[in-house]
Structures are given as structure tokens and as C-alpha cells.
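Engineer: Here is my input; please provide its structure:
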Amino acid sequence: MKIVVIGGSGLIGKKLVKQLRERGHQVMAASPSTGVNTITGEGLAQALVGAQVVVDVANAPVWEDKVVWEFFETSGRHLLAAEAIAGVGHHVALSVVGADRLPESGYLRAKVAQEHLIKAAQVPYTILRATQFFEFVGGIAQQASDGQTIRLSPAFLQPILSDDVVAALADVTLGAPVNGTLEVAGPERIRLDELIRRFLSANNDTRQVITDVHARYFGTELEDSSLTPGENARIAPTRFEEWLSSSRVQK
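Structural biologist: Take a look at the predicted model:
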């Protein structure tokens, strides 16, 4: 089966391409670096010739509200139109758990707009919403940093290892379209402030975490249910402490 992975050069894309190839499929890693640009449309029609499945894991290069909205809107329209012409039978997209519950976040508003485009298109689809990746915890800390202090909400997250996201994506990709939304999350609920404290401690980082229920997470305040999955989510096996231990060993 021919599968095209849009965003195939990113963190998730590279791993997904590798896993799908190991399962015996013909997989194209599509990105501007390989001559496929969903913003301009360059190389898109050629890439989709003979493709049965397209997986969109591309991300905006900049998270400024206007830029990220335009990225997902433009990319989504070009990609879905090209898929309809090519006769693609399954569109798979990676999104974010809780995206529709946090409209004050420009990034999450853009992801919801992307989901709406997918649902309105003619291509059968599956949207997989994932929780926050372990690998992005350092970036969350940096975004909330002010010198030696980091102000964070105590709201719950249920973070996940990127490899576990890829495993779920691969299963969705090789399955039938559900024409709906699925969720995948890590095995434990952890409060955001505590998650970052554990990360800093493991990395001998002396910055201090200050708990603040009004602290904003990428532009929005959080509640305990904002970024946690529903009852029917696929629960991944890898715990945060396992990843932290593995990361320390690899250094």
C-alpha cells in the first residue's frame, strides 16, 4: 500500500515513516525538503498519485496566532483538494486532545479549524488527538519561564511518549477510516506544575516552579479537564519516569 506522510521530516513523521516501512508498505516522506509543499501546492499532485492513505502530521513553523491559522487553513485546503482528485481513500490527521475546549489558544483554534476542514471534505478520514509529548516538556518550561522562575497551572495533563503516539498513528493508518475522532494519551495524570518540577530535577535545572491557577498555557488558562482525554482513549504504556530515566542514561 502506498502511504504519503505529510510532515515526514518531523519528530513524529520520521518515526511513522520508519515504522510503516518496517510493516512492508511503500511510504513517501513528504515535506518541502523532499519537494512537496502543501502551502504552495508544489509537488503535491505528483506525490499523491497512487496513494491509498495520506497522513498529515505537519506542524506550523511559527505559533503566532495569525501565522499558525493561515498555515493549517492553507495546507489543509490544498491537501484535501488534491486527495479528492487523486482518489485517496483515507485521510489521517494528528491533532490535540482538548483542542476544542480551549478557544483562547490561537494554536488550538487553528487545529480545530483544520479538523473542520477534514470533516467537511469528501475524503474518508480519521482524526487522532494526542496529549502532550514527553519530548515537548522542556519547551513548555521554556515558554513559561521568566528568568529563574516558571509560573505554571496545576491543571492535570496526561502526557505521552512520541513513540507511543506513532504506534497509535500506525494502527490508525492501516485501519479503516472511522470518519470521526479518536484519542491517545499516556498512562498517568500529572499536574502540569509537578510535571515540570520533575523534569527540571532530572536535568539538574535550578529554575523554580511557581504554582498559579491563572498561569496561561500557550495563551489560555487551564482547568483539570482541559487537556485530559475521555473514557474511551487509547492508553499508552510508557510512564514519564521511564522516559526521564532513559533520557538521563542517553546523555
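Engineer: what pLDDT does the spatially closest residue to residue 19 that is not a sequence neighbour get?
Structural biologist: With C-beta to C-beta, 6 or more residues apart in numbering as the criterion, residue 19 has its nearest non-adjacent residue at 5.0 Å, and that residue is residue 170. (Each C-beta comes from the backbone N, C-alpha and C, glycine too.) Note on residue 170: pLDDT of 98.
Engineer: residue contacts, residue 170?
Structural biologist: Residue 170 is in contact with 16, 19-20, 23, counting by C-beta atoms under 8 Å, 6 or more residues apart in numbering.
Engineer: before we move on, what about residue 225?
Structural biologist: Counting by C-beta under 8 Å, 6+ apart, residue 225 makes contact with 98, 101, 156.
Engineer: Low-confidence ranges, this protein, go.
Structural biologist: By pLDDT under 70, the weakly predicted segments of the chain are 248-251.
Engineer: Show me the helices in the stretch 151-251 of the chain, by range?
Structural biologist: Read by DSSP state H, counting those that start in this stretch, the stretch 151-251 of the chain holds these helices, from start to end of the chain: 162-174, 192-202, 240-250.
Engineer: what's the closest of those to residue 213?
Structural biologist: The stretch from the helices of the stretch 151-251 of the chain with the least distance to residue 213 (C-beta to C-beta) is helix 192-202; that distance is 9.9 Å.
Engineer: tell me what the closest one is packed against?
Structural biologist: Contacts defined by 3 or more C-beta pairs under 8 Å, 6 or more residues apart in numbering; DSSP states H and E place helix 192-202 against helix 137-143, strand 149-152, strand 156-157, strand 208-211, helix 240-250.
Engineer: Could you say which of the ones you listed is packed most deeply?
Structural biologist: strand 156-157 (a mean of 24; mean count of other C-beta atoms under 10 Å).
Engineer: Mind checking what helix or strand follows the longest helix seen in the chain in sequence?
Structural biologist: Ranked by residue count and defined by DSSP state H, the top helix of the chain is helix 65-86. Downstream of helix 65-86, the first helix or strand assigned by DSSP states H and E is strand 90-96.
Engineer: Would you confirm that residue 51 contacts residue 88?
Structural biologist: Yes: using C-beta atoms under 8 Å, residue 51 is in contact with residue 88, at 5.5 Å.
Engineer: List the residues that are in contact with both of those two.
Structural biologist: Counting by C-beta under 8 Å, 6+ apart, residue 51 and residue 88 have no shared contacts at all.
Engineer: Nearest to residue 166, out of the helices and strands packed on helix 192-202?
Structural biologist: Among the helices and strands packed on helix 192-202, helix 240-250 comes nearest to residue 166, with 14.1 Å by C-beta to C-beta.
Engineer: And the closest one, how far out from the chain middle?
Structural biologist: Here the centre of helix 240-250 is set off from its chain's centre by 21 Å, with C-alpha atoms, centre = their mean, to the nearest Å.
Engineer: Please consider this matter closed, and thank you.
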